[in-house]
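> Model the following, please.
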Amino acid sequence: MTIESDTGHGNSPAAWTAVIIMLVAFAIGTLAFWFNLPWLVIAAAVLCVAGLVTGKVLAVLGYGVGGAKYVTKEHK
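Residues are numbered from 1 along each chain as shown. Sure, this is the predicted structure:
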């Protein structure tokens, strides 16, 4: 019986960067909505989209799972 190594779903520098940027954007957007600051809610939405684009760009540059610059770490 062989066990295949699972690298994880999105466990890469590109995915982590995108998720962190989008989490910050959602936190800012939530506070801005609560304090009734529509311009900041819109800015947070733009930041969220920028996080998505950043993740995609990093993946294309090789920092995504299976990318040329991504090194798989084995679990012990």
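> host element of the residue most central in space within the chain?
Computing the C-alpha centroid of the chain and ranking residues by C-alpha atoms, centre = their mean puts A18 first, at 1.9 Å. Taking DSSP states H and E as the criterion, A18 maps to helix 13-34.
> what do you get for Y70?
Applying DSSP H and E, one finds Y70 in no helix or strand.
> Nearest residue to it in space, please, no chain neighbours.
Leaving out its chain neighbours, the residue that sits closest to Y70 by C-beta to C-beta, 6 or more residues apart in numbering is S12, at 5.3 Å. Any C-beta I mention is one placed from the backbone N, CA and C, and that applies to glycine too.
> V65 is in contact with that neighbour, correct?
Yes - at 4.7 Å, S12 counts as touching V65 under the criterion of C-beta atoms under 8 Å.
> ok, the two, which is more surrounded?
S12 (24 against 16; other C-beta atoms under 10 Å).
> what residue ranges in this protein score low on pLDDT?
1-10, 73-76 (pLDDT under 70).
> run the last query once more with 80
The model of the chain has pLDDT under 80 over residues 1-10, 70-76.
> follow-up on the earlier one: buried residues in the helix holding A18?
Residues P13, A14, A15, T17, A18, I21, M22, A25, I28, G29, A32 are the ones in helix 13-34 that count as buried (16 or more other C-beta atoms under 10 Å).
> okay, that helix in CSV with CA atoms only?
Extracted in CSV, the C-alpha atoms of helix 13-34 (Å, rounded to 0.1, in the frame of the first residue of the first chain):
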residue,chain,number,x,y,z
PRO,A,13,3.3,31.6,-0.3
ALA,A,14,0.9,32.9,-3.0
ALA,A,15,-2.2,31.6,-1.2
TRP,A,16,-1.1,32.8,2.2
THR,A,17,-0.3,36.2,0.9
ALA,A,18,-3.7,36.5,-0.8
VAL,A,19,-5.6,35.3,2.2
ILE,A,20,-3.8,37.6,4.7
ILE,A,21,-4.4,40.7,2.4
MET,A,22,-8.1,39.7,2.1
LEU,A,23,-8.5,39.1,5.8
VAL,A,24,-7.1,42.5,6.6
ALA,A,25,-9.5,44.0,3.9
PHE,A,26,-12.5,42.3,5.5
ALA,A,27,-11.5,43.5,9.0
ILE,A,28,-11.1,47.0,7.8
GLY,A,29,-14.4,46.8,5.8
THR,A,30,-16.3,45.5,8.7
LEU,A,31,-15.1,48.3,11.0
ALA,A,32,-15.7,50.9,8.3
PHE,A,33,-19.3,49.6,7.8
TRP,A,34,-19.9,49.6,11.6
